[in-house]
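J.: model the structure of this input:
(one chain, ligands or ions: 3)
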Amino acid sequence: MGQNVRFRGVKATPKSLEKDLLDKARRLAEDPSLLLPKCEAQCRRCSFDKTLKKMEKVAKYSHDAEYLQDVANHGDQLVRAYAATISLAASGKIPYLTTKKGPYGDVSFAVRGKADSERLIGVQYFDDPDLRLLAFWEDARSDDLHLYSEDQRLMCTSDGPKAPRSYVDEMLNAAPYELAADHSCGHPEAPMALLVKWRSAEVTLSICSDCAGDVNLMHHLVSRIVARDPTDDFDVDVRYAPKCAADCGDCKLKRQFKMSGGLKDAYKKGTIDDATIIGRYLEERKADLRGSAGELFIVGAMCYGKDKEAFLKVIKGNEAELLAVSGLVRSKHLVVISASDQAGKIITDLWQENKRALLTFVASEPVFEKVLETVGNLTPPQMVQEARRAELAKGVVSKLPEYSARGPIATIADDLARAYKVEGKQAMVRLLEKNRPKEHRGKAVAYGFLKAVGEADSRTWQFTREEMDYGVYLADFAKALIDSEGDGYHEALSNLLTASGASEHLVRKA
Ligand SMILES: [Zn+2]
Ligand SMILES: [Zn+2]
Ligand SMILES: [Zn+2]
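T.: Ligands and ions are numbered 1, 2, ... in the order given. Reported below is the predicted structural model:
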């Protein structure tokens with residue numbers, strides 16, 4: 001290889017790796033059976049005995065690198081890879097290695113003769129329980145075999161899947177969950193769980209919805225199986241079994257249900273994880289239960305059947321959320337299946353199809369339509385609360401007196417108090433920033449309001465010492481005004497005017 005020539009993926013061999021590969025090549029030259037699967041019982045279909053005989057013949061020439069390279073160009077692919085690999089020992093050095101990306105990361109191996117790179121990798125890493133499998137995918141497909149790669153050996157069965165006990169134990173020990181003696185996550189009674197049945201092992205693993213994570217348990221169990229379909233020994237299902245309350249009767253939950261083939265396949269292919277298959281199963285189940293007539297209420301692990309009052313008793317949330325959920329549940333035929341007893345979560349679940357129906361129970365139509373129009377970035381429970389707040393604010397205004405004549409100080413105080421009562425503290429502060437009073441009396445009143453609502457400290461620079469001192473005195477009057485309604489409001493406003501020293505006419509509308 002010239003100095004300026006660079007082959008993609010070809011690199012000089014690190015010394016330790018060269019020594020390691022040469023060592024393995026020598027062991028294979030002495031004993032080709034190290035490479036081949038051991039048959040669990042008498043195999044009817046596999047041809048590994050024949051392959052072994054061919055390799056033993058080749059091994060007789062283990063010191064003839066040229067002959068071995070020639071063998072590596074023709075015939076059985078596995079024998080080619082074997083000859084190529086033991087030729088490394090014959091030549092005694094491996095100056096360059098090729099690197100290939102695979103399912104187990106980057107692998108470096110020596111290319112000799114015309115053998116498939118998967119076969120070469122599988123043979124040169126025959127002692128690696130993952131990489132060795134690459135040598136056998138083709139044979140497993142063509143001869144319909146099941147190969148099981150354990151840490152210390154490789155087993156073969158040819159009459160369908162039959163996992164050796166030792167393979168089963170190894171895979172269960174290395175499972176991504178700590179498994180109890182009953183092969184569950186430790187919560188065998190959980191109402192919702194992933195079930196992976198391993199038929200030939202006579203084992204059913206169960207992982208509850210709380211423990212299930214972003215791993216694919218079945219994918220782990222088959223990761224060292226080579227076969228046409230390594231998952232053909234497994235069934236996957238989800239157990240969904242909330243407890244039915246005493247008077248559930250012939251609750252719809254008791255009907256048979258099977259997950260879709262598409263969902264099962266996605267899990268078997270390893271494209272979705274344990275948490276996802278449980279989540280999607282529940283979606284399918286909900287759709288199925290919604291599709292049938294009648295009502296059903298399930299919260300967490302409890303099924304209340306059609307008993308909506310029993311359901312409403314266990315739901316938790318703020319006043320607005322509870323009004324919305326109970327109103328909707330009592331007025332409509334619904335199927336509610338919720339993992340949580342939080343009303344906010346239930347509102348979110350029901351929102352798409354029922355948003356106006358939910359809002360009807362917390363606000364009048366013009367009020368909630370305005371909320372829907374103006375505050376788009378709120379979550380559904382926040383929407384419900386906002387509609388409720390707007391509705392209550394409307395009620396507050398209707399209880400305040402109206403004035404046909406207000407002086408400048410009364411105008412400042414009345415506007416600030418209304419802003420606070422209808423829209424809250426921040427709205428009051430915004431109004432104040434927009435219409436800052438210019439003379440001393442008005443500024444003292446403004447400071448009094450800020451003091452009354454706890455917003456004065458960050459704004460002292462806008463006021464003189466005198467205005468603030470007077471404002472502190474007026475804060476109690478401002479507070480009284482904010483807290484009052486009806487005749488009391490009129491009285492509080494009059495008191496504030498007197499305290500401020502303003503002599504203004506204040507005339508209520510008749
Ligand atoms: Zn066999
Ligand atoms: Zn669990
Ligand atoms: Zn039930």
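J.: contacts, neighbours, all on C-alpha from now
T.: Noted.
J.: how much space between residue 395 and ligand 2?
T.: Separation of residue 395 from ligand 2 (CA to the ion, to the nearest Å): 50 Å.
J.: I misspoke; the intended subject was residue 449.
T.: 55 Å.
J.: so that residue sits in a helix?
T.: Yes: assessed with DSSP: H, G, I helix; E, B strand; the rest coil, residue 449 lies in a helix.
J.: pretty sure it contacts residue 480?
T.: No: counting by CA atoms under 8 Å, residue 449 does not reach residue 480; the two are 10.4 Å apart.
J.: which one's more surrounded, those two?
T.: More neighbours surround residue 449 than the other of residue 449 and residue 480, with 30 against 19 (other CA atoms under 10 Å).
J.: contacting residues for residue 121?
T.: The contact partners of residue 121, by CA atoms under 8 Å, 6 or more residues apart in numbering, come to 107, 109, 131-132, 134-135.
J.: need those residues in JSON lines with neighbour count and pLDDT, can you?
T.: Below are the contacts of residue 121 laid out as JSON lines (neighbours: other CA atoms under 10 Å; pLDDT from 0 to 100):
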{"residue": "107", "neighbour count": "15", "pLDDT": "92"}
{"residue": "109", "neighbour count": "25", "pLDDT": "94"}
{"residue": "131", "neighbour count": "22", "pLDDT": "95"}
{"residue": "132", "neighbour count": "23", "pLDDT": "96"}
{"residue": "134", "neighbour count": "19", "pLDDT": "94"}
{"residue": "135", "neighbour count": "25", "pLDDT": "96"}
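J.: dump these into TSV; add secondary structure as well.
T.: Shown next, in TSV, are the contacts of residue 121 (three-state DSSP):
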residue	secondary structure
107	strand
109	strand
131	helix
132	helix
134	helix
135	helix
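J.: count the neighbours of residue 90 for me.
T.: If you count neighbours by other CA under 10 Å, residue 90 ends up with 19.
J.: coming back round to it: closest to ligand 1 among the contacts of residue 121?
T.: Comparing those against ligand 1 with CA to the ion places residue 135 closest, at 14.8 Å.
J.: show me which residues of the protein are close to ligand 2?
T.: Within the chain, the positions lying close to ligand 2 (CA under 5 Å from the ion) are 185, 187, 208, 211.
J.: mind listing which of the residues you listed are in strands?
T.: residue 208 (DSSP state E).
J.: reformat the residues of the chain next to ligand 2 as CSV; add pLDDT and neighbour count.
T.: Converted to CSV, the residues of the chain next to ligand 2 look like this (pLDDT from 0 to 100; neighbours: other CA atoms under 10 Å):
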residue, pLDDT, neighbour count
185, 97, 21
187, 95, 18
208, 96, 24
211, 96, 15
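J.: what's the closest of the residues of the chain next to ligand 2 to ligand 3?
T.: Checking those against ligand 3 by CA to the ion gives residue 208 as the nearest, at 20.2 Å.
J.: contacting residues around the closest one?
T.: Taking CA under 8 Å, 6+ apart, we find residue 208 in contact with 185, 187-188, 190-194.
J.: among those residues, which two are most distant?
T.: 185 and 191 (13.1 Å; CA to CA).
J.: low pLDDT regions in the stretch 301-450 of the chain?
T.: Across the stretch 301-450 of the chain, nothing is flagged by pLDDT under 70.
J.: show me what from it comes close to ligand 3.
T.: The stretch 301-450 of the chain comes close to ligand 3 at residues 303, 305, as judged by CA under 5 Å from the ion.
J.: how about the helices in the stretch 301-450 of the chain?
T.: 308-314, 319-331, 343-359, 365-374, 380-398, 408-423, 425-434, 440-452 (DSSP state H, counting those that start in this stretch).
J.: now the longest one: how far from the chain's centre is it?
T.: The chain centroid and the centroid of helix 380-398 are separated by 33 Å, computed with CA atoms, centre = their mean, to the nearest Å.
J.: again with the first one
T.: Its chain's C-alpha centre and that of helix 308-314 lie 29 Å apart, by CA atoms, centre = their mean.
J.: which other residues reach it?
T.: Outside of helix 308-314, the residues within contact range by CA under 8 Å, 6+ apart are 297-299, 304, 326, 329-330, 341.
J.: quick one, which of these are buried?
T.: Buried members of the contacts of helix 308-314, scored by 16 or more other CA atoms under 10 Å, are 297-299, 304, 326, 329, 341.
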